[in-house]
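Asks: give me the fold of what follows.
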Amino acid sequence: MSLSLYWWLDGDAVGKGRPRVSTIGGRPRLYTPAKTAAWERQVADACQGAMGSLAPTESAWAVRIDISCRVPASWPRKRREAALQGVEIPGKPDLDNVAKAVLDACNGVAYVDDKQVIKLTVSKRYGAAPGIEVHMHEVND
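Replies: Numbering: from 1, shown residues only. This next block holds a predicted model:
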C-alpha cells in the first residue's frame, strides 16, 4: 500500500532564498536566509504532522503543490475580484522557488532526499486565504 499525505499551511508562501555568504575568522561561510529557514521549518512541521510517527521512506514520490497568494489590499475592488477569478496573474514568489523550499523541507521527513521526487506539479493563483496545499504520494511500480 502506498503512503499518501495531504496538508494545508496558512500564510504567505516563501520562495527558496539564495544562499548568503558571510565570513567568520576570515573564512567564508554559506547560510540560508532566516526567512527561508523559518518557513521551511513550518513546512517540515506540517509534513511531519501528516506523516505522524512514520519514518521517511526510500520510495519514489509524486508531489502536487498549489500556492494561494494574497490579493494586495491596496488594489481596488474590481481588480481584487478579477484576481480572485483568475484574471490577474500573481507575481512573487516565483513558484519554482516555493517548490524548491517545500521539497527541501520534506527531506528527512517524508522521504530521505528530494531526489526521490519523480513527478512534480506546481500551480499558483490568487486566493481568498493565502497558503499552500500539498498532496504527496508514494509511487509504486
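
Asks: which residues touch the residue nearest the centre of the chain?
Replies: In the chain, the residue lying closest to the centroid (CA atoms, centre = their mean) is Val102, at 3.3 Å. Residues in contact with Val102 (CB atoms under 8 Å, 6 or more residues apart in numbering) are Val43, Val63, Ile65, Ile132, Val134. All C-beta spots, glycine's among them, are computed from the backbone N, C-alpha and C.

Asks: change it to 6 Å
Replies: For Val102, the contacting residues are Val43, Ile65, by CB atoms under 6 Å, 6 or more residues apart in numbering.

Asks: chain center to whichever strand or helix holds it: distance?
Replies: Val102 is part of helix 95-105 when elements are defined by DSSP states H and E. Relative to the centre of its chain, helix 95-105 is centred 5 Å away, using CA atoms, centre = their mean, to the nearest Å.

Asks: which parts of that helix are buried?
Replies: Using 16 or more other CB atoms under 10 Å as the test for burial, helix 95-105 gives Leu95, Asn97, Val98, Ala99, Lys100, Ala101, Val102, Leu103, Asp104, Ala105.

Asks: only alpha carbons, please: show it as PDB.
Replies: Taking C-alpha atoms only, helix 95-105 is exported to PDB below (Å, rounded to 0.1, in the frame of the first residue of the first chain):
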ATOM      1  CA  LEU A  95       6.600  29.100  -8.000                       C
ATOM      2  CA  ASP A  96       9.800  27.200  -8.700                       C
ATOM      3  CA  ASN A  97      11.500  28.800  -5.700                       C
ATOM      4  CA  VAL A  98       8.500  27.800  -3.500                       C
ATOM      5  CA  ALA A  99       8.500  24.300  -4.800                       C
ATOM      6  CA  LYS A 100      12.300  24.000  -4.100                       C
ATOM      7  CA  ALA A 101      11.700  25.200  -0.500                       C
ATOM      8  CA  VAL A 102       8.800  22.700   0.000                       C
ATOM      9  CA  LEU A 103      10.800  19.800  -1.400                       C
ATOM     10  CA  ASP A 104      13.900  20.700   0.700                       C
ATOM     11  CA  ALA A 105      11.800  21.000   3.800                       C
END
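
Asks: sweet, I'm off.
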